[in-house]
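Participant: how would this look folded up:
(chains A and B)
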Amino acid sequence: MISRHLKIVVISALILSGCKGLEIGQFDLNRIADLGQKFAANKEMTQQQEEALGAKMTAVILGSGQLQSNANIQKYVNRVGYWVAMHSERPDLNWTFAVMNSSDLNAFAMPGGYVVITSGLIDNLHSEAELAGVLAHEIAHVVEKHHLKAIQSGNTMSLVKDVTLFAKDTYESQYGRSSNPLLDDQIAAKLLSTTQEIYAKGLTKEDEYQADQRALVLMSRAGYDPYGFVATLQMLEGIQPQDTHLAFLFATHPSPRNRLENVGAILTYLESKPLLVESLEPRYALQIRR
Amino acid sequence: MKPTYLEICNKLKKAFLIIFVFGQSLSMAASLDGTMIKNTGLKEKPQSQSKDVGQISKNAAISILTREGGWYQVKAITNLSGWVKMLSVRFDRKPYRPGKLGIGSVLSVMTTGHSDVTATTGVRGLSEEDLRNARPDFSALAKLVAFQANTTVATNFARKGRLKTNKIAYLEKSHD
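Facilitator: The predicted structure follows:
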């Protein structure tokens, strides 16, 4: 009994003297476990952590193409997006919108209030209300924290581990870089692979349907014609689904037909309200110099 | 009685003539084709309480002429035209043509010239493959700050567009 006790003490002492804070390999397990537990316990990141995480994920998305160089278009999209976001439940996020050059039709939302839309999609919209609808869909993903939930409820072990690393990484970012460059590299690599995995896989159909419904309410609150979003979904339905410009969007979203069927009830609901709404086709045409 | 070859030819000619005449009279670059997804009345005006000018049945082919709110003005192959709800129409699938998609391409008043964005047509990027090969671009991220809006900027912008805030609650569980 005594010898067993002694063994534990000796082993513990050896471990503690051998490595500061239970470092094994490159990882500070104490701190990672601690942060991981905190993160798992309240299932909530602070807004600051979410924004830091979202910024890093956005950098990955930005790394998969080029920013549109026209500053006026970038500012215009930011104004429309910010105005819609002001009518959401999270108006105080660091809302940032970006247009990227791509002939693909797509848009992405990242935690913390980051939204990316392709120039190909902008080019096929015809009014500010249509743009507001697409941005409102992405804003709804952020407000509902759909991507954070996807990370947290990820059913693969790699995703669960990544969450812990995210938490650590965002923790570190508040206190400067960690003293371990190799650890930084490992975290960066995990962050990259997780971002790639989540955006290549897409969200659940339920999240997409909810974002569509929320988008119609958000854009209506901001004074935009909700049927602008219906027009966009019908535009997408009018393209041959095997087209490469839509391949990624269609792989990660329900079909436009199913999405249109999903918004019927919410449109009836909105019609019962005395809404004052605009489409603003001329301003859209002017701003993107169609 | 089976129609003769000549009768079929005459019918085809008529059909082409109708399409040609409409095409001219509407002076549109393109009309959009669709199909009705349910039987519905063709309304005289884009309003639910408006009277029916006729009926149109499920699977009927239509041309979409214009949009007003949640309504499309459509013309049936029978030459009858009227208003139907947007959601009662399915767009026919066509090959991808940048800037020529959706009802807006027909309605757009300013179709001359190209947008700055159009210049990017053909540029790849943001595909699944691009994402899988991506490396984080922190310099691009830093550039975004210069484009950001804020409450004051966005409010002024909305005022210029005469956008009014509407108070609406979410409709919970509407898709269940």
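
Participant: for residue B:92, what are its contacts?
Facilitator: A:238, B:32-35 (C-beta atoms under 8 Å, 6 or more residues apart in numbering or on different chains). Using the backbone N, CA and C atoms, a C-beta is placed for each residue, glycine as well.

Participant: dump the residue contacts of residue 61.
Facilitator: Answering for chain A, as no chain was given. A:100, A:108, A:110, A:116, A:195, A:199, B:126, B:131, B:134.

Participant: um, chain B though
Facilitator: Residue B:61 is in contact with B:33-35, B:76-77, counting by C-beta under 8 Å, 6+ apart.

Participant: among these, which one has the most neighbours?
Facilitator: Tallying neighbours with other C-beta atoms under 10 Å in any protein chain shown puts residue B:34 at the head of the contacts of residue B:61, with 23 neighbours.

Participant: doesn't that one belong to a helix?
Facilitator: No: Residue B:34: not assigned to a helix; according to DSSP: H, G, I helix; E, B strand; the rest coil it is strand.

Participant: sec struct for residue A:120, please.
Facilitator: helix.

Participant: if we ignore the residues flanking it in sequence, what's nearest it?
Facilitator: Ranked by C-beta to C-beta, 6 or more residues apart in numbering or on different chains and with sequence neighbours excluded, the top spatial neighbour of residue A:120 is residue A:103, at 4.5 Å.

Participant: show me where the stretch 101-250 of chain A has strands.
Facilitator: Here the stretch 101-250 of chain A has its strands, by DSSP state E, counting those that start in this stretch, at A:107-110, A:114-118.

Participant: out of those strands, flag the one nearest chain B.
Facilitator: With C-beta to the nearest C-beta as the criterion, chain B lies closest to strand A:114-118 of the strands of the stretch 101-250 of chain A, at 5.7 Å.

Participant: how about JSON lines for the contacts of residue A:61, with pLDDT and distance to residue A:64 added?
Facilitator: Below are those laid out as JSON lines (pLDDT from 0 to 100; distance: C-beta to C-beta, whole Å):
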{"residue": "A:100", "pLDDT": "96", "distance to residue A:64": "8"}
{"residue": "A:108", "pLDDT": "97", "distance to residue A:64": "10"}
{"residue": "A:110", "pLDDT": "97", "distance to residue A:64": "13"}
{"residue": "A:116", "pLDDT": "98", "distance to residue A:64": "10"}
{"residue": "A:195", "pLDDT": "90", "distance to residue A:64": "10"}
{"residue": "A:199", "pLDDT": "93", "distance to residue A:64": "9"}
{"residue": "B:126", "pLDDT": "87", "distance to residue A:64": "5"}
{"residue": "B:131", "pLDDT": "91", "distance to residue A:64": "5"}
{"residue": "B:134", "pLDDT": "91", "distance to residue A:64": "4"}
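
Participant: and the two most separated of the residues you listed?
Facilitator: For these, the maximum inter-member distance is 15.1 Å, found between A:100 and A:195 (C-beta to C-beta).

Participant: output the lengthiest strand in chain B as CSV - backbone C-alpha positions only.
Facilitator: Counting by DSSP state E, the longest strand found in chain B is strand B:61-68. Extracted in CSV, the C-alpha atoms of strand B:61-68 (Å, rounded to 0.1, in the frame of the first residue of the first chain):
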residue,chain,number,x,y,z
ALA,B,61,-45.2,26.0,-70.8
ILE,B,62,-45.1,29.8,-70.3
SER,B,63,-43.0,32.8,-71.1
ILE,B,64,-42.2,35.0,-68.1
LEU,B,65,-42.6,38.7,-69.1
THR,B,66,-42.0,40.7,-66.0
ARG,B,67,-42.1,40.6,-62.2
GLU,B,68,-43.9,42.7,-59.6
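
Participant: what pLDDT, on average, does it get?
Facilitator: What strand B:61-68 shows for mean pLDDT is 92.
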